[in-house]
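1. sequence plus the predicted model coming up.
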Amino acid sequence: MQRPLPAERPPLVLASASPRRLDLLARFGVVPDRVEPADIDETPGKDELPRLLAARLARGKAEAAAARAPDALVLAADTVVGAGRRCLGKPADEAEARRFLELLSGRRHRVTTGVCLVTPGGTRRERLVTTILAFQRLTRAQIDHYLEGGEWRGCAGGYSIQGQAEAFVRFLSGSHSNVVGLPMFETAQLLRGVGWLRP
């Protein structure tokens, strides 16, 4: 049975260093009490599908942070870009970012974010959200220009939709904020569900 939170709200810990997630939370009035990124191995398992990887990493980050802050409400998320069965995480360098963009050029792909919330009582609640996108066919000059700007750094799939790469998107079905890194509707529902975010 779900244990209700105490009358006084516990501190909220965001287990992510992403400034994009902080910005998205602030849009509906949520400011974490602490930001404590969880350092876990993000290497995909053999034949691990993008959706399963996103869920596993979000859960792993939440549980790692909760172990350090047992009296807090811990929120974690992880975003994975999937091209077919292939997982595209954060590119290690510009060469890998180029390969990602060349792979995504002119085709549809899926962006999945796993969101995990762990309460002080140890209850875990999770959501998995997928958005479908299609890029226009990118020219070499477009890719070169994009990579020169450095916007690809630290971004799953090698692009940031809230920046210049939004001009590449010819089709999007689903949550835009999910592609940024945190599905706002589902995250707000999780926080309301445990009584931390008031209606």
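-> Done, it's in.

2. need the contact list for the closest residue to residue 49 other than its chain neighbours.
-> Once flanking residues are discounted, residue 49 sits nearest to residue 85: 6.1 Å by Cβ to Cβ, 6 or more residues apart in numbering. In short, each C-beta sits where N, CA and C put it, glycine included. Counting by Cβ atoms under 8 Å, 6 or more residues apart in numbering, residue 85 touches 47, 49-50.

3. do residue 136 as well
-> 105-106, 168-170.

4. can you name the next helix or strand after the longest helix anywhere in the chain?
-> Scanning the chain for the longest helix, with DSSP state H as the assignment, gives helix 50-68. For helix 50-68, the succeeding helix or strand toward the C-terminus, using DSSP states H and E, is strand 73-83.

5. out of the contacts of residue 136, which comes closest to residue 146?
-> residue 168 (8.1 Å; Cβ to Cβ).

6. output stretch 101-118 as CSV - backbone C-alpha positions only.
-> In CSV, the C-alpha atoms belonging to stretch 101-118 read as follows (Å, rounded to 0.1, in the frame of the first residue of the first chain):
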residue,chain,number,x,y,z
LEU,A,101,23.1,13.1,-37.0
GLU,A,102,23.9,11.2,-40.3
LEU,A,103,21.9,8.2,-39.0
LEU,A,104,18.9,10.4,-38.0
SER,A,105,19.0,12.4,-41.2
GLY,A,106,15.8,12.0,-43.2
ARG,A,107,14.3,9.3,-41.0
ARG,A,108,12.0,8.9,-38.0
HIS,A,109,13.3,8.1,-34.6
ARG,A,110,11.9,7.8,-31.1
VAL,A,111,12.9,9.7,-28.0
THR,A,112,12.1,8.0,-24.7
THR,A,113,12.4,9.4,-21.2
GLY,A,114,12.1,7.2,-18.1
VAL,A,115,11.0,9.1,-15.0
CYS,A,116,11.4,7.6,-11.5
LEU,A,117,10.2,9.0,-8.2
VAL,A,118,11.3,7.4,-4.9
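
7. give me the neighbour count for the residue lying closest to residue 83 once chain neighbours are set aside.
-> With sequence-adjacent residues excluded and distances taken as Cβ to Cβ, 6+ apart, residue 83 is closest to residue 109, at 4.9 Å. When neighbours are defined as other Cβ atoms under 10 Å, residue 109 has 20 of them.

8. okay, the angle between the helix or strand harbouring residue 109 and helix 50-68?
-> According to DSSP H and E, residue 109 maps onto strand 108-118. For strand 108-118 against helix 50-68, the angle by axes from the mean of the first three to the mean of the last three Cα atoms, to 10 degrees is 20 degrees.

9. next helix or strand past strand 108-118?
-> Next element after strand 108-118 (DSSP H and E): strand 124-135.

10. that next one: how far from the chain's middle?
-> Here strand 124-135 is found 9 Å from its chain centre; the criterion is Cα atoms, centre = their mean, to the nearest Å.

11. next, count neighbours for residue 84.
-> Look at residue 84: counted by other Cβ under 10 Å, it has 12 neighbours.
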